[in-house]
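Asks: The amino acid sequence is not available; the structure is as follows:
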């Protein structure tokens, strides 16, 4: 049962980031845009049972919950804290899920795998730390030719700047190693 170490605001006024003393996963991001998508995840389902919750994103030692903008954060944060505290800490199942997720991108050809590896190094060094600090992240969905498909998670998923400024910034940075790349957020 993870204990909450801290609660932070994010650039998205409708999202709060809960910092935990114990991990919920080991490197596995869980991102849900609605209760239906979260039905197989007990923690996310419990959070969606709370009025006004519209998005749940968590990985390792933190969880970001987004609301519809209609609730008072002080009251809502108290409600959200209970399911977080009741959730089990990370298990060996998390490690198995990471391996399965990595196998999907392993189906790329050797040249595209090298390209994706270089892209991920740059994202890990220059982009993800800032997104994670703000309660979000991005997940690469695929690389097809010069099109890199990404999905914003957590607070970044509903933040207006992620769809415009941040996306263009990521694309411009990636053009330093892949001049013809186009980044598309899905």
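Replies: All right, it came through fine. Every value quoted in this text rests on a predicted model; they were computed, and no experiment measured them.
Asks: what about the longest helix in this protein?
Replies: When the chain is parsed with DSSP state H, its longest helix is helix 110-126.
Asks: neighbouring contacts of that helix?
Replies: When contacts are defined by Cβ atoms under 8 Å, 6 or more residues apart in numbering, helix 110-126 is touched by residues 105-106, 108, 138, 140, 143, 148, 170, 173-174, 176-178, 181. C-beta coordinates here come from the backbone N, C-alpha and C atoms, glycine included.
Asks: Using CSV, lay out those together with neighbour count.
Replies: Formatted as CSV, those follow (neighbours: other Cβ atoms under 10 Å):
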residue, neighbour count
105, 16
106, 8
108, 15
138, 24
140, 15
143, 19
148, 23
170, 23
173, 15
174, 20
176, 10
177, 12
178, 17
181, 19
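Asks: any idea which of those is the one closest to residue 85?
Replies: residue 138 (28.0 Å; Cβ to Cβ).
Asks: That closest one sits in which helix or strand?
Replies: strand 136-144 (DSSP states H and E).
Asks: Next secondary structure after that strand?
Replies: strand 147-154.
Asks: beta partners for the residue lying closest to residue 9 once chain neighbours are set aside?
Replies: Spatial nearest neighbour of residue 9, chain neighbours left out: residue 16 (6.5 Å); criterion: Cβ to Cβ, 6 or more residues apart in numbering. Residue 16 has the following beta-bridge partners by DSSP bridges: residue 9, residue 65.
Asks: you'd agree residue 16 is up against residue 77?
Replies: Yes: counting by Cβ atoms under 8 Å, residue 16 touches residue 77, with 6.1 Å between them.
Asks: Give me the more crowded residue out of those two.
Replies: residue 16 (21 against 16; other Cβ atoms under 10 Å).
Asks: The residue most central in space within the chain and residue 3: what is the separation?
Replies: Taking Cα atoms, centre = their mean, the centroid of the chain lies closest to residue 153, which sits 3.4 Å from it. Going from residue 153 to residue 3 by Cβ to Cβ, to the nearest Å gives 23 Å.
Asks: how much space between the nearest residue to residue 11 once chain neighbours are set aside and residue 85?
Replies: Excluding the flanking residues, the one nearest residue 11 by Cβ to Cβ, 6+ apart is residue 134, at 5.2 Å. From residue 134 across to residue 85, the span is 23 Å (Cβ to Cβ).
Asks: for the protein, what spans make up the helices?
Replies: 42-48, 73-86, 92-105, 110-126, 128-133, 160-161, 167-174.
Asks: what number of residues lie near residue 20?
Replies: Residue 20, neighbours per other Cβ under 10 Å, totals 20.
Asks: Would you agree it is in contact with residue 8?
Replies: No: Residue 20 is beyond contact range of residue 8, at 11.9 Å (criterion: Cβ under 8 Å).
Asks: Perfect, that will be all.
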